[in-house]
Every structure is written in structure tokens, then in C-alpha cells.
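Chemist: Here is the input, now give the coordinates:
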Amino acid sequence: MIHYRAMALLVLMAPSVARAQQRDTTRADSARADSTRVHRLPTQVVTASRLAGADERTPAQIDKIEIKNLPPGPADAANALVRLPGVSAFDDQGTPAQPTLEVRGFNVSPVVGVPQGVSVFLDGVRVNEADAQEVNFDLLPMDAVDRAQLIRGPATLYGKNTLAGALLLFTQRGEQAPVLSGEFNVGSFGAYGATISAGGATHGIDAFLSATGYSETGWRDQSAIKERQLFLNLGHRHDSTDIAFSVLYADDDIQEPGSLPQSWLDVDRQLNYTGGDFYAPRLVHLALRGQTLFGAGVLRASLFYRHLDAEQYNVNVEAPSSDAFIDNASYGLTAEWSAALPAWSKPLALTVGGEVSRSDVTETIYARLTSDTAVHIPPACDPGSGLCADVYVPETDAALFAQANWQFTPDVSLTLAARGDWVHLPFQDLVDSANSATSDYAHLSPLVGVNFALSSTLRGYATIGGGFRAPAPVELGCASPTAPCPLPYALGDDPPLKPVTLTSYELGADWDPAGGSTLEGSLFFSDVHDEILFAASTNTAGYFVNVPRTQRAGAELSGTLALPHGLRASASYTYLLATYQSTGLLSSQIPAPDSIKPGSVFPLSPRDRVTFTFGASQVLGASVLDEEIGMNAVSTQYVRGDDANVEPPLPGYAVWRLRVAWQREHFGVALAVRNLFDHVFSSFATYGDNPVGPPGGPPSDSTERFYTPAAPRAVTFSVTISR
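Modeler: Got it, this is the predicted structure:
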């Protein structure tokens, strides 16, 4: 296959927030939402918590993401996040279950090979996978998520990968009033699904259960999706103690049609260039968490076990196909203590804690002969079994962290934070022990911030913080430009990569006048050293490399307007400039290799991003009718592989959506339309060789642009029944 998935598979075949968003940069409501969960514990005002989220005194922009009204489907998390200011998405896999999101110029993605700059947590447990730090959106239990936050910036307490921010997901608990509900939906492209939820509490014991199934045949050839999830939360609340145990099981099967050469796209956008790619993960996620009064504060802890077992199959043109089996087993403990203490007669909110985890990563990769032209197993592979790589990485991570907020005047507070991380990565080649090696990384990430109130309705903040990302096992195994990894058959000990470090500066404010309207804005600048990027030296080979310096700079402006008669509106504009600040060479399939230089703009990073939503709610007797229309738009962006910015960019586009919902007590119906005006566009493009030529031939040796066509208009109809 000639699309970016194939390029990612050079190292390790890999994987593959929901429900309507509401902008909230006032940094309020988070603590209140959390305090409703533990009724008997005293309110603790703490600027940030590694396990419980952040409150209004955290010096950062925080998006509170509502999760009640998004259309059902495999892209719930992406659909919620992409409506936030400054968040854009592209689809190189050709499936809505595996989008790549960009936040402030950094990516969070299920694709191996994409540098990951956002950390994601489920009830305090990191869900960035151990092999390549990727995030599998299809494995997030969005139907069980109760609240979510996106904390922008380095967010010191949250550790590695938190360069652009941390996404925090918190699941539902059973409440005193028992709930039983079912949502059933059908839609375009053979889509159908159902979610059954039940919850309740009695005598201090609470439970919540959610079961979800979703399938669709897809709008392109061989693009079906099947997702199955089961989530259970069991809890016990008593006096000053709260404890909960959660179980998540997911079993998915996702076909990946990928991108199309221009000559194929011009014939039929539904075609599949190399049919047969799929990602099939199975996940077991167990977590025990709790909190109790301890001394003058609250002690929280979380213990987890997470096991991902996946197969990634990738069909290739004129080369053997790749069949990878990934086994990630992780377990660990996080503990923290939070308290409100007096300091020189002024309130001091303090959090201190630590975490330790172990991840056992196993990668086994085979070459498969699947075409007449792929007649030879690569020399690096066993000619009998096709075994090309068998790697084991027992990674250990440990960290200590602390954050304090001192309210030294009624209008001004100072926040100081620091986190020290240690990462131990023994790379063991089970085929050739001579390739084995061990890498260790240690880094201290500090943060200094100030919050200030200019009036009762106008507040601001300023912050300087540091971030850190250690190389992932897959990046360490493929980091030699003199020996690029072919089809990922050459994982082994390569020259060590440096860790990514970041220093970020941010200034922001939010205005909350009477009447429910808001206006928020921020300016940010990030200076990045030794960023790890993927250099594709050929169609089916490449390596990871450190780029000495890069930068992200931008401005975000967003607002909501509360109107009479049940009307509402919101809009945002983001300017983002993600650039290289070093001179170097990143190869691609463009005939002449691309040189990067200071000022070169990152591919697939649009400068301008706009969101708009207009809605209305009317009470009709005992029922409520709600309508909403919204739009996301991005400007032009350079194509992947055009790091020198010399080729025509990918055109900008705007996508509209519509939702109409009617609810009457225990019954509701909803109609959702995506890509309302059936706009024809592509969110992703790259360069690659097309030896097949146009559909039906003749063969060619030309280099073409490969595009991932966006899905046409899709309609989903849902029925909800509850009691």
C-alpha cells in the first residue's frame, strides 16, 4: 500500500469526547463537577490534580467538553475535539475510526510514525500505547464518559507527551436515582448501532454498566468498521472514603482503505488502491482508584492494568505485505496528596505525588507474499516462516511531581510546579541479540504561572512551562539514516535518539459578562528542541530523526453569545504557525529531496482555523426541540513530504453539520447530518510512487500525489428510550 500507513509500518505496524462541546476557558466548573462525585468529602480547592483534573486557578486554557449530543459513530472523540478552537483533523487511513488530530501544531493519532504531542488519560490512567505512544480513539469508551477536559499547553503534572496538552476523560458512576437507557441508530453506508446503559446506587454501593456495538460497511471499497465495547464501574462511598473499580473490554475490526493516487481519485473516489489492510485490536483495561481524607488533605491513588493485543495487516504494491502482531501489557500506580494550607496567612493549595509504571512491549512482524510481483521474502527475514522482526521492550517509567498555588492577594495568585521523569528502555532483539541496547532518559519539567483578576468579570493568566517526550520503542528501533527500515523488517539497535524538550510561553484572558456570553483569547509560543520526526527515504523505507529546533506560535480567540428566545451562537478563530527552525534534510517521494530551513512550515498544519455554531431550543408543551447547525473550516496546508514548501498546497475546505433532536421525558429522536452540503475535498495528501498506473493500467514508474478523499454527506437517525 502506498499511503502514510505504509510509511508508518516501516517501524512497526500499528493501530489504528464525545457528545457536543462547550468552550470553557474560565477554568471553572471542573472542581465543582468533581466535588459532586464525592458528597462526603470536604471541598478541596487545588489548582491541578494528576488524578482529578484542574480547577479555575490553573494558569492555562482549559476546554470543558460536553458529551451529551454528538451523533453516534466511531469518531465521537474526534468529532468533539475538532469543534474546539485550534483543533484540526486529517485522515490518512481512510476510516473515521482512526483520525489524526492536531492541537497547537502537535499531533495525537493512532498512526505509528506520527509524533505524539498530546497525552490522554482515562480516569487518571494514561492510554497512550506503550509501543509508539499512539492513541487509539476507537478504544475509548466514549458512551461511558461523564466529563472531559482538554488542558492546553505543557500541563506539567501530566508527564511525557504533554507538549500541546492533556486530554482527561472521567467515566460515569451510578447515582441514587436508577437509570436504564438504550440508544439505537441507523445511518448512511450501512451504519447501525446500539448502546445500552444502566446505573444506580444503594447503601453506599454504586454501579454503572455500558455496552456498545457499532458497524458500518463504509462508503469506499473494503472500508467496513466493527466495534464492540463493554464498560463497568463499581464503586463504594462511605464517610470520607470513595473507591471505584472499572473494567473496559473492547474488540474492534477496522478496514483501512487509505489514500488514492491522483489518477485513481479522478476515476472513482470510492476505490481502494491496495485492498486488504486492516487493524484488529482487543483491549482489556482494569483500574482501581480511590480517595480518602489523610491529615489536612485528600489522598488519591490509582492502580491499573492494561493489555492491548492487536494485529495490523498492510498490503503493499510490488513488495511483500506486512503482518504485525503487537502485544502491549502495562501496569502501574499513581498516588498524590492534595491540601489547602495557610502560608503567611494566605491560602496555599498544594498537590504532591508520584507514579511508576511498567510496560512489556512485544512486536512480531512477518512478510507475506500476496501478489505475483512480490516473489521474494526480504533478505532480513526468515525465508521459511517470513519472520522479519521479534522485539521485546520492558519499559519502566517513574516520576515525582508537585504543584502549589499561592493566593497572595484577593486578585492575584502564583502557581509553581515541577515534574521529574525517568524512562528506562531496554531494547531486546529476540532474533539477533547483537542488536539489543538500553536507553535511559531523565528530565525535569518546571512551570511558573500567575492568575490575575482585572475585574469581577475579566480574568487573565500568564505562564512559562516545560514539556518532555522520550523516544518510543518503535522510534529507537528505526533511527539510522544509513539503514532505513524496510517495511518494518529491520527493527534493531540504531543510533540513540535524543528526547524532545519544549519551553512554552502563554498569555490569556477570559471575559464573562452578565447574561451567559463569554469571550476568551490566548497567545502562545513554544520553542521545541530535538523534535522526533519520520523521514521517508523511499516508498517503503524510512527512519526517525531528531530535528534540532522547531517552533509553534499562534493566537486563539473564541466566544459564545447567549441570545433571547432560546437562541445561542459560538465561534472561534485560530492562527497557528508551526515551523522548522533548523536546516536539514527530510526525504520524500518528490523527485528532489526536500531541504528544510528556518521558517519552513510543517505539512498538514493549516494556518487559519474557524469554527461556528448556531442553535435554538424551544419548549413545546412537555417536550423540547433543539436544532443546531455548525461549521469547521481550515485554510490551505502543505502536503506531507513537501517540507520545503515548494509544491502547490492542499486546498482549504469548510464542512457543515446539522442536528435536530426532539425529547419528551423518557423518549427522544434525533437526526444528524455530517458534511451537510456534500462538499468534495481531501483532508490529507502525500507523495508516493504508483507502479500500477491508472485503474486497469498500463503500469507506470511515475510519482503522484496520494489523497484520502473525505466522506460524502452522511445521515444518522437515533432513537433513545430511558426509564
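
Chemist: Give me the helices and strands touching the one helix or strand G420 maps to, please.
Modeler: Assigned by DSSP states H and E, G420 falls within strand 412-429. If you count contacts as 3 or more Cβ pairs under 8 Å, 6 or more residues apart in numbering; DSSP states H and E, strand 412-429 packs onto strand 387-409, strand 437-453, strand 458-469, helix 473-476. In this view, the C-beta of every residue, glycine as well, is placed from N, C-alpha and C.

Chemist: What residues of the longest one count as buried?
Modeler: Neighbour-count burial for strand 387-409, with 16 or more other Cβ atoms under 10 Å as criterion, is recorded at 387-395, 397-399, 401-407.

Chemist: Check the shortest one too.
Modeler: Buried residues in helix 473-476, counting neighbours by 16+ other Cβ under 10 Å, are found at P473, V474, E475, L476.

Chemist: Quick one: mean pLDDT over it.
Modeler: For helix 473-476, the mean pLDDT works out to 84.

Chemist: can you pull the pLDDT of E129?
Modeler: E129 carries a pLDDT value of 95.

Chemist: That one - nearest residue in space that isn't next to it in sequence?
Modeler: N328 (5.6 Å; Cβ to Cβ, 6 or more residues apart in numbering).

Chemist: need the next SSE after the helix or strand in which that neighbour is found, C-terminal direction.
Modeler: Per DSSP H and E: N328 is located in strand 321-343. Moving toward the C-terminus from strand 321-343, the next helix or strand (DSSP H and E) is strand 346-368.

Chemist: ok, that next one: who's next to it in the sheet?
Modeler: If you go by DSSP bridges, strand 346-368 pairs up with strand 321-343 (antiparallel), strand 387-409 (antiparallel).

Chemist: Of all those strands, which one is nearest L567?
Modeler: Evaluated with Cβ to Cβ, those place strand 387-409 nearest to L567, the distance being 37.8 Å.

Chemist: Would you mind checking the average pLDDT for that closest one?
Modeler: The pLDDT scores in strand 387-409 average 94.

Chemist: That one vs strand 412-429, what angle?
Modeler: Counting by axes from the mean of the first three to the mean of the last three Cα atoms, to 10 degrees, strand 387-409 lies at 170 degrees to strand 412-429.

Chemist: ok so A77 is a strand residue?
Modeler: No - counting by DSSP: H, G, I helix; E, B strand; the rest coil, A77 is located in no strand; its state is helix.

Chemist: contacting residues around the residue nearest to E129?
Modeler: Applying Cβ atoms under 8 Å, 6 or more residues apart in numbering to N328 gives the contacts E129, A130, D131, R306, H307, L308, S359, D360, V361, T362.

Chemist: So among these, which ones count as buried?
Modeler: For these, a burial check counting by 16+ other Cβ under 10 Å picks out E129, A130, D131, R306, L308, S359, V361, T362.

Chemist: you'd agree the first one is up against N136?
Modeler: Meaning E129. Yes - taking contacts as Cβ atoms under 8 Å, E129 lies within contact range of N136: 6.7 Å.

Chemist: from what I can see K597 touches L585, true?
Modeler: No - here K597 lies out of contact with L585, judged by Cβ under 8 Å, at a distance of 10.5 Å.

Chemist: Looking at the helices and strands packed on strand 412-429, which is nearest to Q663?
Modeler: strand 458-469 (34.9 Å).

Chemist: Direction included, what does the closest one pair up with?
Modeler: Checking strand 458-469 against DSSP bridges gives partners strand 437-453 (antiparallel), strand 500-511 (antiparallel).

Chemist: So which other helices or strands are in contact with the helix or strand that the shortest one is followed by?
Modeler: Per DSSP H and E, strand 500-511 leads on to strand 518-538 as the next helix or strand towards the C-terminus. Applying 3+ Cβ pairs under 8 Å, 6+ apart, one finds that strand 518-538 makes contact with helix 4-8, strand 500-511, strand 541-562, strand 584-586.

Chemist: And strand 518-538, what's buried?
Modeler: Of all the residues in strand 518-538, those buried under the rule 16+ other Cβ under 10 Å are 518-524, 526, 528-537.

Chemist: any weak-confidence spans in the stretch 51-200 of the chain?
Modeler: 75 (pLDDT under 70).

Chemist: Can you give me the distance of E129 to P96?
Modeler: Distance, E129 to P96, using Cβ to Cβ, to the nearest Å: 20 Å.

Chemist: center of this protein, which residue is that?
Modeler: V108 (4.0 Å; Cα atoms, centre = their mean).

Chemist: worst-scoring helix or strand of the chain, pLDDT-wise?
Modeler: helix 30-35 (a mean of 33; mean pLDDT, DSSP states H and E).

Chemist: picking up where we left off before, can you list the strands paired with strand 458-469 in JSON lines and add distance to A672?
Modeler: Below are the strands paired with strand 458-469 laid out as JSON lines (distance: least, Cβ to Cβ, whole Å):
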{"stretch": "strand 437-453", "distance to A672": "39"}
{"stretch": "strand 500-511", "distance to A672": "30"}
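
Chemist: Could you look over those and pick the most buried one?
Modeler: Of the strands paired with strand 458-469, the one with the most neighbours on average (mean count of other Cβ atoms under 10 Å) is strand 500-511, at a mean of 20.

Chemist: Quick one: residues in contact with that strand.
Modeler: Contacts to strand 500-511, defined as Cβ under 8 Å, 6+ apart, come from residues 25-26, 60-61, 115, 152-154, 163, 443, 454, 457-470, 518-532.

Chemist: Likewise for stretch 95-102?
Modeler: With Cβ under 8 Å, 6+ apart as the test, stretch 95-102 has contacts from 15-16, 73-75, 78, 81-82, 87-92, 107-111, 114, 118, 136-138, 218, 223, 225, 227, 252, 254-257, 279, 604-605, 711.

Chemist: contacting residues for the residue nearest to the centre of the chain?
Modeler: T100, L101, Q116, G117, V118, V120, V135, A164, L167.

Chemist: Tell me the one of the residues you listed nearest V315?
Modeler: Using Cβ to Cβ, T100 comes nearest to V315 of the contacts of V108, at 20.9 Å.
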